[in-house]
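A.B. asks: Any chance you could fold what I've pasted below:
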Amino acid sequence: MTSLTLLSLTVLLTVFASVACATQPLGSICATDSACASGLYCLGQSGIKKCMPGQKLGSKCGPDPWWNCQPGLHCLGETDRKCVPGKPMGMECRADPWWSCQPGLYCLGSNGTKRCVPGKPVGMECAADPWWSCQPPLHCLGQDGKKKCVPGKPAGMPCAADPWWTCRPGLHCLGQNGVKKCAPGKNVGMECGPDPWWSCKPGLTCVSGKCYKQVGKGMPCAARDVACATGLKCAGKVDKQYCVVPKKKGMACGWDPYWTCEDGLSCESNVCV
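C.D. replies: Numbers count the residues shown, from 1 in each chain. Reported below is the predicted structural model:
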């Protein structure tokens, strides 16, 4: 091999080595951290990654490569997002960025007992316990003992007791059997009717076109926003009225203020006729 050939090989190897070791400057497109110059990281979403210094611990962050966090940190928080390590599985959590869960985990459970957990996927059984809570945006719906993680029916959709036919939180399955739909329901004192959109909220009853609190036998009923349950009647003195079972035709009445007759009957000579 001639000296000229050796010189050529040396030059080529030097060029290849310099190219192989070359690193990309700030803002250059990249695929891995090793492609970036010292102090820079390959940040951003696939296809638009760039060599960036990365936001440090506690700094504000976002999806843009210029606002991505340094490796080992995550951009967390509901509104005021910051670069933080994130809480691992099983740790307590809350909305604050410093208390947010690591990616892939959700802050689930009732207030005061929320923890970072993977969450139950659609169709799985669920409960109030954080480890049995559903992944957002699913809801734990259905009757006790048969609750499942489901999307929930939106307003206006047909509904039933089955978890897959249960309404989303804030809505109620209202109306007559066969035509029940998810609706917000009317509050106490509001006008009401048999249509689902005019039905009262659960626990209320529609009497003479208005929603009232429904109370049972022996319960006070003098308040203006109260009505006795079906089959009962409000009777007694003005200041001491209670829900009672009304007397049927032929039964004694009138001897006691609570001995009142059924609707459609009258008390004559202390007998319901």
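A.B. asks: pLDDT weak spots in this protein?
C.D. replies: Within the chain, the stretches with pLDDT under 70 are 1-22, 111, 177.
A.B. asks: Please verify my assumption that residue 200 contacts residue 189.
C.D. replies: No: assessed by Cβ atoms under 8 Å, residue 200 is found out of contact with residue 189, at 10.2 Å. To be clear about C-beta, it is placed using only N, CA and C from the backbone, and glycine gets the same treatment.
A.B. asks: out of everything not next to it in sequence, what's closest to residue 28?
C.D. replies: Nearest non-adjacent residue to residue 28, counting by Cβ to Cβ, 6 or more residues apart in numbering: residue 51, 4.8 Å away.
A.B. asks: what's the answer for residue 132, then?
C.D. replies: residue 126 (5.2 Å).
A.B. asks: right, and the helix or strand after the host helix or strand of residue 173?
C.D. replies: Residue 173 belongs to strand 172-174 when elements are defined using DSSP states H and E. Counting by DSSP H and E, the next helix or strand C-terminal to strand 172-174 is strand 181-183.
A.B. asks: on contacts alone, who are the packing partners of that next one?
C.D. replies: strand 172-174 (3 or more Cβ pairs under 8 Å, 6 or more residues apart in numbering; DSSP states H and E).
A.B. asks: now the helices for the stretch 1-150 of the chain?
C.D. replies: With DSSP state H, counting those that start in this stretch as the criterion, the stretch 1-150 of the chain has helices at 3-21.
A.B. asks: returning to what we had before: anything in contact with each of residue 200 and residue 189?
C.D. replies: Shared contacts of residue 200 and residue 189 (Cβ atoms under 8 Å, 6 or more residues apart in numbering): residue 211.
A.B. asks: what about those two, which has more around it?
C.D. replies: Between residue 200 and residue 189, residue 200 has the larger neighbour count (other Cβ atoms under 10 Å), namely 24 against 13.
A.B. asks: give me the beta-bridge partners of the closest residue in space to the more buried one that isn't next to it in sequence?
C.D. replies: Among residues not flanking residue 200 along the chain, residue 211 sits closest, at 3.9 Å (Cβ to Cβ, 6+ apart). Going by DSSP bridges, residue 211 is paired in beta bridges with residue 206.
A.B. asks: Residue 211: neighbouring residues, count only.
C.D. replies: 24.
A.B. asks: ditto for the one 5 residues further on
C.D. replies: Other residues near residue 216 number 10, with proximity taken as other Cβ under 10 Å.
A.B. asks: list the contacts for it?
C.D. replies: 228-229, 232, 243.
A.B. asks: would you list those residues in CSV and tack on neighbour count?
C.D. replies: CSV is the format used below for the contacts of residue 216 (neighbours: other Cβ atoms under 10 Å):
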residue, neighbour count
228, 24
229, 13
232, 20
243, 24
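A.B. asks: Out of the residues you listed, which is nearest to residue 163?
C.D. replies: Within these, the smallest distance to residue 163 is 28.1 Å, found for residue 229 (Cβ to Cβ).
A.B. asks: My read is that the residue nearest to residue 132 contacts residue 133, right?
C.D. replies: Yes: counting by Cβ under 8 Å, residue 133 is a contact partner of residue 126 at 6.5 Å.
A.B. asks: what is in contact with those two at once?
C.D. replies: Common contact partners of residue 126 and residue 133 (Cβ under 8 Å, 6+ apart): 120, 140.
A.B. asks: Export stretch 195-209 to CSV, keeping only CA atoms.
C.D. replies: Provided in CSV are the C-alpha atoms of stretch 195-209 (Å, rounded to 0.1, in the frame of the first residue of the first chain):
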residue,chain,number,x,y,z
ASP,A,195,-92.8,13.9,30.6
PRO,A,196,-89.1,13.1,31.5
TRP,A,197,-88.1,16.7,30.9
TRP,A,198,-90.8,17.8,33.4
SER,A,199,-90.3,15.1,36.0
CYS,A,200,-89.1,15.9,39.5
LYS,A,201,-85.7,14.8,40.9
PRO,A,202,-85.6,11.5,42.8
GLY,A,203,-87.0,11.9,46.3
LEU,A,204,-89.5,14.5,45.1
THR,A,205,-93.1,14.0,44.0
CYS,A,206,-95.2,15.8,41.5
VAL,A,207,-98.5,17.0,43.2
SER,A,208,-100.9,19.3,41.4
GLY,A,209,-98.3,20.2,38.9
